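K.L.:
sequence and predicted structure are below.
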Amino acid sequence: MAVETDRLISATPSSVQEEQIERSLRPATLAEYVGQDKIRAQLEIFIQAARGRAEALDHVLLFGPPGLGKTTLAHILAREMGV
């Protein structure tokens with residue numbers, strides 16, 4: 001039985017252009033993030049508290065099934081905290 005290599009999924013983007021398009025579609029700040037209002041409000045409090053203490057934002061666990069925006073929130077947290 002032969003394996004169809006053209007149907008394999010790769011973790012690497014197929015082109016630089018695809019990666020740029022994907023990044024442009026993701027919100028960059030919590031203000032741009034749509035949906036999950038409770039999570040967004042809690043994260044705003046966490047970020048403000050960490051900034052007020054001049055410390056890193058530690059111990060954030062984002063979990064759930066695919067497609068909920070966990071990776072997007074992680075990118076937003078990193079950007080908001082200046083990482």
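P.N.:
Sure thing, it's come through.

K.L.:
ok, and what's touching stretch 39-48?
P.N.:
Here stretch 39-48 makes contact (CB atoms under 8 Å, 6 or more residues apart in numbering) with 30, 33, 57, 60, 73, 76-77, 80-81. Using the backbone N, CA and C atoms, a C-beta is placed for each residue, glycine as well.

K.L.:
mind redoing it with 7 Å?
P.N.:
For stretch 39-48, contacts defined as CB atoms under 7 Å, 6 or more residues apart in numbering pick out 30, 33, 57, 77, 80-81.

K.L.:
could you identify the most distant pair in the residues you listed?
P.N.:
Tyr33 and Leu57 (16.0 Å; CB to CB).

K.L.:
report the central residue of this structure.
P.N.:
Thr72 (2.0 Å; CA atoms, centre = their mean).

K.L.:
pLDDT of the host helix or strand of that residue, averaged?
P.N.:
Element membership of Thr72, judged by DSSP states H and E, is helix 70-81. Averaged over helix 70-81, pLDDT sits at 93.

K.L.:
for that helix, packing partners?
P.N.:
helix 37-53 (3 or more CB pairs under 7 Å, 6 or more residues apart in numbering; DSSP states H and E).

K.L.:
and the helix it packs on, C-alpha only, in CSV?
P.N.:
Output of helix 37-53 as CSV, limited to C-alpha atoms (Å, rounded to 0.1, in the frame of the first residue of the first chain):
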residue,chain,number,x,y,z
ASP,A,37,-15.6,38.6,26.9
LYS,A,38,-15.1,37.0,30.4
ILE,A,39,-11.6,35.6,29.4
ARG,A,40,-10.6,38.9,27.8
ALA,A,41,-11.7,40.9,31.0
GLN,A,42,-9.8,38.5,33.3
LEU,A,43,-6.7,38.7,31.1
GLU,A,44,-6.8,42.5,31.1
ILE,A,45,-6.8,42.4,34.9
PHE,A,46,-3.9,40.0,35.0
ILE,A,47,-1.9,42.1,32.6
GLN,A,48,-2.6,45.4,34.5
ALA,A,49,-1.6,43.7,37.8
ALA,A,50,1.6,42.3,36.4
ARG,A,51,2.5,45.7,34.9
GLY,A,52,1.7,47.4,38.2
ARG,A,53,4.1,45.1,40.0
